[in-house]
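Student: the following block contains a protein sequence and its predicted model.
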Amino acid sequence: MSPAEAGETHAIHCRLDELLAARGMTLTELSERVGVSLVNLSVLKNDRARAIRFSTLTAICRALDCEVGELLVIGGAARA
């Protein structure tokens, strides 16, 4: 059984809020640009996502003009 299957929590933090604010973009606007539901983006934004498709990750990073490491960081708090 893998750690994820054993119910362990992860240490990945999504910085979607910070990136959206820095770009003056709303979650709704990002949803429209990337074709991902507002609910799914909200789950990601609130660190409740259990998985993300590479195609979704790519679309979000392109829309926000960022690298994956700017969007997802290890640790409970955002790093500057």
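Tutor: Received the coordinates, thanks.
Student: contacts only, for residue 26.
Tutor: Counting by C-beta atoms under 8 Å, 6 or more residues apart in numbering, residue 26 makes contact with residue 20. For every residue, glycine as well, the C-beta is placed using N, CA and C.
Student: packing partners of the lengthiest helix in the chain?
Tutor: Longest helix in the chain by number of residues (criterion: DSSP state H): helix 54-64. With contacts taken as 3 or more C-beta pairs under 8 Å, 6 or more residues apart in numbering; DSSP states H and E, helix 54-64 sits against helix 16-23, helix 27-34, helix 68-71.
Student: redo these as TSV? Include distance to residue 51, mean pLDDT and mean neighbour count.
Tutor: Putting those into TSV (distance: least, C-beta to C-beta, whole Å; pLDDT from 0 to 100; neighbours: other C-beta atoms under 10 Å) gives the following:
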stretch	distance to residue 51	mean pLDDT	mean neighbour count
helix 16-23	16	97	15
helix 27-34	16	98	15
helix 68-71	14	97	14
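Student: quick one: contacts of the longest helix of the chain?
Tutor: 16, 19-20, 23, 25, 30, 33-36, 67-68, 71.
Student: go again using 7 Å as the cut-off
Tutor: 19, 23, 30, 33, 34, 35, 36, 67, 68, 71 (C-beta atoms under 7 Å, 6 or more residues apart in numbering).
Student: want to try a markdown table for the helices and strands packed on helix 54-64, with distance to residue 48 as columns?
Tutor: Output for the helices and strands packed on helix 54-64, formatted as a markdown table (distance: least, C-beta to C-beta, whole Å):
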| stretch | distance to residue 48 |
| --- | --- |
| helix 16-23 | 12 |
| helix 27-34 | 14 |
| helix 68-71 | 15 |
